[in-house]
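**Student:** next one to model:
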Amino acid sequence: MTPPVAPGPPPRPAPMARRLAPPLATLAAVAGAFAYVGAVDPNEPGHYPVCPLLSVTGVYCPGCGGLRSAHAFVTGDLPAALGANAIAVVGYLVFAVVWVIWLMSALRARPSGLSLSPVWWWSLGGAALLFSVVRNLPFGSVLAP
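**Tutor:** Got it, this is the predicted structure:
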């Protein structure tokens with residue numbers, strides 16, 4: 001039988017720059033994408049591809065209107081953003097909250113503790129499916145882009 005090994009000192013956290021690089025790079029990419037969509041209006045034809053599902057079937061997917069929603073959000077027109085794709089606006093806000101939690105965890109050199117169980121993932125998928133179905137029905141036309 002081997003004698004128990006005494007635990008060593010706790011591992012040192014990674015340098016601050018290494019901890020902050022992933023959240024800051026993610027923010028830069030998202031900010032760049034929003035800046036582009038804010039500058040290049042998706043309401044003008046020819047700048048962006050058409051949704052393949054909409055063009056083939058005439059059915060709105062959960063993402064239909066997302067670019068118009070992002071453009072309206074960036075330009076400060078929240079009612080238009082919600083009208084183009086309400087679930088996308090909720091996603092922008094959820095991203096902001098999760099990003100702040102990630103950044104604070106990186107600053108403190110602690111794990112974020114954010115993880116979703118499969119029940120949450122299935123629930124999110126079900127909500128997106130329900131949103132997609134309702135926005136394609138006559139009574140749900142208020143959710144259509």
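**Student:** what's the local residue count around residue 39?
**Tutor:** Close neighbours of residue 39, defined as other CB atoms under 10 Å, add up to 10. For every residue, glycine as well, the C-beta is placed using N, CA and C.
**Student:** and the helix or strand of the chain with the lowest mean pLDDT, how far out from the chain middle?
**Tutor:** Taking mean pLDDT, DSSP states H and E as the measure, the chain has helix 52-57 as its least confident helix or strand, at a mean of 90. Using CA atoms, centre = their mean, to the nearest Å, we find the averaged C-alpha position of helix 52-57 to lie 23 Å away from the chain's own average C-alpha position.
**Student:** contacts for it next, please.
**Tutor:** With CB atoms under 8 Å, 6 or more residues apart in numbering as the contact definition, helix 52-57 has outside contacts at 59, 60, 61, 64.
**Student:** what subset of the residues you listed is buried?
**Tutor:** Buried residues within these, defined by neighbour count using 16 or more other CB atoms under 10 Å: 60, 61, 64.
**Student:** quick one, helices of the protein?
**Tutor:** Remark: helices assigned in the chain by DSSP state H are 16-39, 52-57, 66-74, 78-84, 86-108, 118-135.
**Student:** on contacts alone, who are the packing partners of the third one?
**Tutor:** So that's helix 66-74. helix 16-39, helix 78-84, helix 86-108 (3 or more CB pairs under 8 Å, 6 or more residues apart in numbering; DSSP states H and E).
**Student:** how about the second one as PDB, C-alpha atoms only?
**Tutor:** Read it as helix 78-84. What follows is helix 78-84, C-alpha atoms only, in PDB (Å, rounded to 0.1, in the frame of the first residue of the first chain):
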ATOM      1  CA  LEU A  78     -36.400  48.300 -30.400                       C
ATOM      2  CA  PRO A  79     -40.000  48.000 -31.600                       C
ATOM      3  CA  ALA A  80     -38.800  47.200 -35.100                       C
ATOM      4  CA  ALA A  81     -36.300  44.700 -33.800                       C
ATOM      5  CA  LEU A  82     -38.900  42.900 -31.800                       C
ATOM      6  CA  GLY A  83     -41.300  42.900 -34.800                       C
ATOM      7  CA  ALA A  84     -38.600  41.400 -37.100                       C
END
